[in-house]
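# Sequence and computational prediction follow.
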Amino acid sequence: MGKLALAAKITHVPSMYLSELDGPRKGTRQSAIDGHYEIARRCKALNVDTIIVFDTHWLVNANYHINCAPHFKGTYTSNELPHFIKNMPYEVHGNPELGKIIAKVCNEQGVETLAHDDTTLAPEYGTLVPMRYMNPDLHFKVISVSALLTVHYLNDSARFGWALREAIEKEYEGNVAILASGSLSHRFAQNGTAPDFAHKVWSPFLESLDHSVVTMWKNAEWKTFCEMLPEYAAKGHGEGFMHDTAMLLGALGWSDYDQKVEVLTPYFGASGTGQINAIFPVSPQTGEAVPGPQASVENGSLVYGKSRL
């Protein structure tokens, strides 16, 4: 059947696009762009046919959503940073078949998920910026998954990741890569100070916290990291509440994951946030350590403040 061939945590900072253009930012994000080029090279070497992006710029307020339209083409301007990404052309091919398979298996495992193949909804820049560098020749099909989840449990996102892997390995014919597209700490510079933080992290605390996390990843300290993820997401201002990372680790076996990450683009600061490109080698897993679904078994008894944990 299918294979999860590659997994990574990646940056999508808009300044990568600015780095292409004439001006003061030209060339300043080449290391991040080169990391994306390397991921694309490895995907081609592994015969990957589809890249799935966990996009922390696609905000949803209910359920899990998969954008798997057959084709996307247009011109994109960021509503968040319209002076960074303006009139950027994009085009990618989608994979409706795989998107619907993933939604089916996620629902079977208790994570309410909808696949959207007949839609005018365009991807967000957490998908479009990486694909600009990884897929300019339209070699890969692309699926975007909502990962800016406002009222969701990290346990459900971990289970979503594992269900996605099982959908690929048991019901799909092909090789797939998954990308957690989001930062580490994500505290933007205070308004009025942004230029001073173009290449810096907002605070020494957040930078130290991020470096500690990267060290844990390099040392394969996954049990500890999975236990601290909810608090890291909260106190570290995790992008999208770090649901992309929970999905990634869920697909890799959660706390049973046993590999050391390979850093392609060393940690760097961008507008106050902490960024990286890193490969998470895929290893055989049983899924026994992955949390079960939570929202579907809560019995209607909400504990205040418990969402996202």
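Done, it's in.
# What separation is there between the residue nearest the centre of the chain and Ala5?
Geometric centre of the chain, nearest residue: Ala180, 2.1 Å, by CA atoms, centre = their mean. As for Ala180, its distance to Ala5 is 15 Å (criterion: CB to CB, to the nearest Å). All C-beta spots, glycine's among them, are computed from the backbone N, C-alpha and C.
# and if you look at Arg29?
In terms of CB to CB, Arg29 sits 26 Å off from Ala5.
# Which of the two has more residues huddled nearby?
Applying other CB atoms under 10 Å to Arg29 and Ala5 shows that Arg29 carries more neighbours, namely 24 against 20.
# who touches the helix or strand harbouring Tyr232?
Assigned by DSSP states H and E, Tyr232 belongs to helix 222-235. Residues from elsewhere that reach helix 222-235 (CB atoms under 8 Å, 6 or more residues apart in numbering): 154, 209, 213, 216-217, 238, 241-242, 245-246, 249, 254-258, 308-309.
# From the contact counts, what lies against the very next helix or strand once past that helix?
Once the chain leaves helix 222-235, the next helix or strand it forms, by DSSP H and E, is helix 243-252. On a contact count with 3 or more CB pairs under 8 Å, 6 or more residues apart in numbering; DSSP states H and E, helix 243-252 meets strand 3-10, strand 50-60, strand 141-149, helix 154-171, strand 175-181, helix 222-235.
# Return the set of buried residues in the last one.
So that's helix 222-235. Trp222, Phe225, Cys226, Met228, Leu229, Pro230, Tyr232, Ala233 (16 or more other CB atoms under 10 Å).
# just those now: which is nearest Asp117?
Of all the buried residues of helix 222-235, Asp117 sits closest to Ala233, with 30.5 Å by CB to CB.
# What does the pLDDT read for that closest one?
We have a pLDDT of 97 for Ala233.
# Relative to Gly253, how far out is it?
Counting by CB to CB, the gap from Ala233 to Gly253 is 20 Å.
# what does Gly192 give?
44 Å.
# So which of the two has more stuff around it?
Legend: neighbour count by other CB under 10 Å for Gly192 and Gly253, higher for Gly253 (25 against 7).
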